[in-house]
Structure formats: structure tokens, C-alpha cells
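J.: coordinates only, sequence not included:
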């Protein structure tokens, strides 16, 4: 056949070579005819009128060949370039430059390829390699999009991967292709259950039953499970309403086993976690929900709540504003933003008064701030600790202890509250209070970095309290006699007489045995204090020839006469 033959068929003189079927499903055929191009959809591309015109004009010898546009250096719109024959009369084209011609696969080949892909997917599914199984099922569906079975298999793999929306989509396509396919309806019902669409699940189960009444037992099992999920959801909502958050978390956890893809249940779990003060866990859950659905306003709201209760007001307000952009009428978000701003303003007022050493004004501001939101335990712990610091400056040590107790109850890891409470106990004095203070200091040590200045300061406080205990274990003669440390001889004598009269055994003859024993001990201690006065104070006063309060104080504490004389 000449080169001017019909474009509907390739030239018989053009040798062709056939390549194996490619990934696109077509058979590639090589031809030496440079004027023939192919596409997957058409097989061999027919010659255009331009091609035919050029062939007619060059039939006597000159040849035309097709070249790519980007091979032209002058960016010409002309897609054809002339190519003369070589000197020896041979063609300028080599066998390596021959274009490909694609022949479409037959229906039998296409269906065979789909079946093989399905079988490969089944093998991966049985091996629990669900991602690879989905890839094979994708190939099968592409090769044969009319097969409900392939869509149903792909839906099963998506369910195993947790891609519940994709599984539902495949299930709907499956039953649309084959309305009588029971497995398709049942798989679709499973997808609805996984995402918590209980009403759609019940309706789909009804359709499945109509297709195969012999599967009534299987369908009833799923219906029972749907009813159990609905009951657990109702119970969880009631527990949250009653503020029984720990029980609600457990109920929601059991429910989630059956409906892992239900975003509404995850939002409910966030609320319960915030109620149990598990703020980091609530924040992590809400953040994970936002990764899957960035427009989930409920997840954004509860992430803001978690940030708020952790004291990160700036990020919480940012999240709340994002919620309001999507829902300007969201009253909960508006209320929370106003509350956070009021808390910050009132706390700043207290801090300013404290820096100005206006203790009572600072106490009043912190008290007002505590009343704004009693549920924000972590933020209120800081307010209580600040108010305790103001009380400390006023000398109200018992109030300091009370506020620090409340702060530690709200935040058991708050080191500053332990330190402040320990300071209050040490300031109150007494061996018992010193020991309690040391325990608080050591507790604070556990929450502070060892290389921090705060850690070193607490270590000094511990050593100071331990020294105070040693001093307190010595007998306090001044306390026994009821006199000040700078008392003179007359005051000492008067104090002894008064204390001896108070603890004389005859005055406690009618008391209990325990009270008698304590009175007797105190009477002996008073006599011991009097002996110190007689043997040491009197000779000292003779040496000094005057009443030296400093000497009396030193002698009654240390009992070293020579040391005192040296100081005089």
C-alpha cells in the first residue's frame, strides 16, 4: 500500500513491533511510520488532513516527520519540520526513533486484570495488610467499576483502617450498583454504626433484612449492639449533667469500642476529661480531632477550655476567637472570653497592690478574683498562694496555712505553696511546727530542678529549721518562768514564785494521774530554773555590780558563767 493510503488503517509496509501490556492497560505497538501517533483511548491515531497532505506532496521521495514543540529553538507554532533524505538515499530516521502505537486491551483482558487485582487484595486482607489491600481493590474497581463485589471488599479494608467515611461511600456505591447485594447493605450498616449514625444504621439493617431474611440472627445481633450504644450514650450524658465525670469517662470509653469514629462521642469525652481535671489529656484529644477536621468548632471549644484551666489564657482566647469566627452567636465562647479577661484584670490589680506593699488591698483583690470562677482550680491555686504571701506580711500565719492548704489541694505539684506553708509553720515556732515546715520544704524539693536557685534557697530553709529544732530542744527557762529574755533579777524572782505556785503538786491533787505527772514535771523544771538563778545570776551580778540584762540572757540559755564574764 502506498503512503497515500487511507488514514483509517496503518500502512502495510510499515513494520510494527508489539510490547507487553503496560500499567495503563494498553498494548504498545512500535511502527516505523513517522506520521502515525497513538493515544490510549483511540489505539492507533488516524492521520490528520495535514498528515495526508504532506504525504501526498512528498510521495516522490522527500519525507516529513513529526517533532515535539519543545525541540524547536525558535518557539515556532509549526509542529512539523522537513527532513531530507541522506546522500545515500536512505531514510534519516533510525529504528530507535520509531513512535509507539497503543492498542487498547480487550474486555476479557480488562476483566481478567480486575479479577487478579481483587485476588491480590484478598491475599493482603487475609495477611492484615489493609493499606496494600486497598491499593489492589482500587485497581480492581478502576478496571471494572460496575462490580459491586470489588467496592464491598474495598469498604471492608477501609473499615479495618478506620476510614469510616470512605467505607460508607463505597457501601453506598455498592448497593447502588446491586440493590439485592446483602453484604453491601450489611457493610454499609457497619460503617454507619462506626461513626455513630445510629438511625441510619437501623434503617440500613432493615434494607439488609429485606434482601436476605435468612440473615435475621446476624442482623438482630447488630440491632442489639446499636441499642446498647444508645443506652450508654444516654447514661454518659446523664452522668455529665450530674457532674459525675469519672463515671462518665468510663462509660464513654466502653461506648467508644463500638463507635470509634463518632466525633460527637469524642466531644463528650473531652467534656468529661475537663470535668475530671485531666486537662492535658483533654487538650491532646481535642487537638487530634482538629487534625482530622480543622473546622470542628466543638473540638476547638474544648481545647480552649483545657488551655483555660491550665492557665494559658492567651492561647485559650485565640481558640475561642476562632470559634466565634465560625459561629458568632456562640454564647459559651463569648462568656469564657469575658471571664478570662476579668480574671486577668482583677489579678493584675492584686499584684499591683502587693508590689506597693498595700497588703490589705492585695488581699481584697485576690479574694475578689477567687470568686469569679471557683472551678478553675489551677489558676485559683496561684491566687491563694499570692493571698497567703500578703497574710504572711501581716503576721497571720494560720491564714497562710489555710490558703496554702487550699492551693495544694487544687494543685498538688505547686512547689511555691509548699514553701510558703513551711515558712508559716517555722514562723509559728515550736518543735512540732519546725518538723512540719521541714516536711513541706522537702516536698517542694521534689518539684524543683536541682540546679535552680529556688532549690538552693529551700535547702537553706531546711538547715535553718533543723537548727531551730536543736535550739528548741533546750529547756526554755524564760518560758518556764513566764518572763521575757531581757528580764532583770527582780523579774526573774517574781516569775519563779508565780510559776512554782502554779505548778505546785498540792494544787493538782484532785487532777487525773496524767495531769498530776505533768504538773510535777513542770514544778521540777521551775526549781531547776531557780537553781540557775541562785548559782549563776547572783554571782554574776556581784561581779558586774549592776543588772546586766545581756549577761542574764546568755547565762540562762547557755549556763556558761565564764563566757558571760568575758563579754562583760
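T.: Looks like it arrived, so ask away. All of these numbers come straight from a predicted model, not from anything done at the bench.
J.: domain map for this structure?
T.: Split into domains by automatic domain parsing, the chain comes to 16-104, 107-211, 376-473, 477-567.
J.: span of the longest one from start to end?
T.: The first and last residues of domain 107-211 sit 31 Å apart, counting by Cα to Cα, to the nearest Å.
J.: so how far is that domain off the chain centroid?
T.: The chain centre lies 34 Å from the centre of domain 107-211; the measure is Cα atoms, centre = their mean, to the nearest Å.
J.: pLDDT on it, on average?
T.: Here domain 107-211 scores 94 as its mean pLDDT.
J.: what about the strands in the chain?
T.: Listed in chain order, the strands of the chain (DSSP state E) span residues 16-21, 26-31, 38-39, 43-44, 63-66, 80-83, 100-104.
J.: right, and residue 187 touches residue 155 too?
T.: Yes - between residue 187 and residue 155 a contact is recorded at 5.0 Å, counting by Cβ atoms under 8 Å. Backbone N, C-alpha and C define where each C-beta goes, glycine included.
J.: between those two, which contacts overlap?
T.: Here residue 187 and residue 155 share the contacting residues 167, 170, 171, 174, scored by Cβ atoms under 8 Å, 6 or more residues apart in numbering.
J.: separation between the last one and residue 195?
T.: Relative to residue 195, residue 174 is positioned 17 Å away (criterion: Cβ to Cβ, to the nearest Å).
J.: the two: who's more crowded?
T.: residue 174 (25 against 20; other Cβ atoms under 10 Å).
J.: and the more buried one, what does it touch?
T.: Residue 174 sits in contact with 148, 151, 152, 155, 181, 184, 187, 188, where contact means Cβ under 8 Å, 6+ apart.
J.: quick one: low-confidence ranges for the stretch 451-568 of the chain?
T.: Across the stretch 451-568 of the chain, the ranges flagged by pLDDT under 70 are 532-568.
J.: show me where it has helices.
T.: 453-473, 477-481, 489-503, 513-532, 538-544, 549-558, 561-567 (DSSP state H, counting those that start in this stretch).
J.: what do you get for the stretch 251-400 of the chain?
T.: Using DSSP H, counting those that start in this stretch, helices in the stretch 251-400 of the chain cover 263-275, 279-292, 297-309, 313-326, 331-355, 359-370, 377-394, 397-410.
J.: need the pLDDT of the residue minimising distance to the centre of the chain.
T.: Closest to where the C-alpha atoms of the chain average out (Cα atoms, centre = their mean) is residue 284, at 1.9 Å. Looking at residue 284, its pLDDT stands at 94.
J.: the chain should start at 2 in everything you say after this.
T.: All right, first residue 2 from here; so that's residue 285.
J.: how near is it to residue 274?
T.: Residue 285 sits 9 Å away from residue 274, going by Cβ to Cβ.
J.: what residues are up against residue 324?
T.: Each residue near residue 324 by Cβ under 8 Å, 6+ apart is listed here: 298, 301, 302, 305, 331, 334.
J.: rerun that using 10 Å as the cut-off
T.: Shown in contact with residue 324 (Cβ atoms under 10 Å, 6 or more residues apart in numbering): 298-302, 304-305, 331, 333-335, 337-338.
J.: how much space between residue 502 and residue 123?
T.: From residue 502 to residue 123 the distance is 104 Å (Cβ to Cβ).
J.: the more surrounded of those two?
T.: residue 123 (17 against 12).
J.: with adjacent residues omitted, what lies nearest to the more buried one?
T.: Leaving out its chain neighbours, the residue that sits closest to residue 123 by Cβ to Cβ, 6 or more residues apart in numbering is residue 154, at 7.0 Å.
J.: look at that neighbour and say how many residues are nearby.
T.: Neighbourhood size, residue 154 [other Cβ under 10 Å]: 25.
J.: surely residue 127 meets residue 134?
T.: Yes - at 8.8 Å, residue 127 counts as touching residue 134 under the criterion of Cβ atoms under 10 Å.
J.: neighbour count: the two, which is higher?
T.: With neighbours defined as other Cβ under 10 Å, residue 127 and residue 134 compare such that residue 134 has more, 26 against 9.
J.: now do the contacts for the closest residue to the more buried one other than its chain neighbours.
T.: Once flanking residues are discounted, residue 134 sits nearest to residue 125: 3.9 Å by Cβ to Cβ, 6+ apart. Applying Cβ under 10 Å, 6+ apart, we find residue 125 in contact with 131, 132, 133, 134, 135, 136, 137, 138, 158.
J.: now do residue 449
T.: Applying Cβ under 10 Å, 6+ apart, the residues contacting residue 449 are 416, 417, 419, 420, 455, 456, 457, 458, 459, 460.
J.: from the residues you listed, pick the one nearest residue 386.
T.: residue 417 (5.5 Å; Cβ to Cβ).
J.: just give the nearest non-adjacent residue to that closest one, would you?
T.: residue 386 is the one closest to residue 417 (Cβ to Cβ, 6+ apart), at 5.5 Å.
J.: for stretch 103-115, list every residue counted as buried.
T.: For stretch 103-115, burial by neighbour count (16 or more other Cβ atoms under 10 Å) applies to 103, 104, 105, 106, 114, 115.
J.: picking up where we left off before, and of the contacts of residue 324, the nearest to residue 492?
T.: Using Cβ to Cβ, those come closest to residue 492 at residue 337, 64.5 Å.
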